[in-house]
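In: coordinates for the following, if possible.
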Amino acid sequence: MWARQRKSKPAFCICKHANLSGTAVFLRNIYLISAHVVTACPESQFRSATGFDFMNYAKIKWYDVSNGPGVRISLYVSGCRNHCKNCFNPETWDFGYGKPFTEEVENSILEGLKPDYIKGLTLLGGDPFEPENAEVLAPFMEKLRAVYPEKSFWCFTGYDFEADLLTGKKAKIGTVMRILNSLDVLVDGRFVEELKDLNLLFRGSSNQRIILVKPSLESDKVVVWDEKTPV
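Out: I've put the predicted structure just below:
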């Protein structure tokens, strides 16, 4: 019987990964057989052993009209510690869910953004600002911003803009700022079932805010989108 046993540590850990350029072969979970139990290599040990930052993604929607204005590409990353009640994507709580986010996937998104009718990219999940995900997304978003300065980039996070992100409470502040400086809009806050409102635009519950990132950073106060100004 095969099983994962994340809480216990294996007697030893064998980790390896292949070069992501080329064939994009990536092996994250190495299993050890001991007493008929297969134990997943803990992510922290994998990172320590390889020095490699990795991220999984759950899915990509290439023509999405639900998570920001216009037709967009939406990248659903894997991994979230918020675990909101009645989350619409609970499978993405698991950092190991989905497929590896490889250089080939990055390039496919870069290519997918080329058409003029694609307004931009939206990050969601999972949570893009989980520390593991942020380390991978920071350079990727900087690349997208450099290649497509005219596109709009949105991000959904369960964390609070001021309390969690700008304080560096959830991820390294330098990494957080690299992502924020690449974004146009941040939708922040946990989904709260009791505040659910189907009439809200691009939000699930009324506590969540649609924040204009650049004006907010420049003015040192939250500037909320008026739902009219093009973004």
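
In: for the residue nearest in space to the middle of the chain, give its distance to Ile60.
Out: In the chain, the residue lying closest to the centroid (Cα atoms, centre = their mean) is Pro128, at 2.4 Å. Distance of Pro128 to Ile60, given as Cβ to Cβ, to the nearest Å: 14 Å. Placement of C-beta: from N, CA and C, glycine included.

In: lowest average confidence, helix or strand, in this structure?
Out: Ranked by mean pLDDT, DSSP states H and E, the helix or strand of the chain with the weakest confidence is strand 31-34, at a mean of 32.

In: any weak-confidence spans in this structure?
Out: The model of the chain has pLDDT under 70 over residues 1-52.

In: go again with 80.
Out: Scanning the chain for pLDDT under 80 picks out 1-53.

In: continuing past the longest helix seen in it, what's the next helix or strand?
Out: Counting by DSSP state H, the longest helix found in the chain is helix 131-147. Heading C-terminal from helix 131-147, the first helix or strand you meet, by DSSP states H and E, is strand 152-156.

In: which helices and strands sit right next to that next one?
Out: Where contact means 3 or more Cβ pairs under 8 Å, 6 or more residues apart in numbering; DSSP states H and E, strand 152-156 is packed against strand 118-124, helix 131-147, strand 185-188.

In: returning to that earlier point: got the buried residues for the longest helix of the chain?
Out: Buried residues in helix 131-147, counted by 16 or more other Cβ atoms under 10 Å: Glu132, Asn133, Ala134, Glu135, Val136, Leu137, Ala138, Phe140, Met141, Leu144, Arg145.
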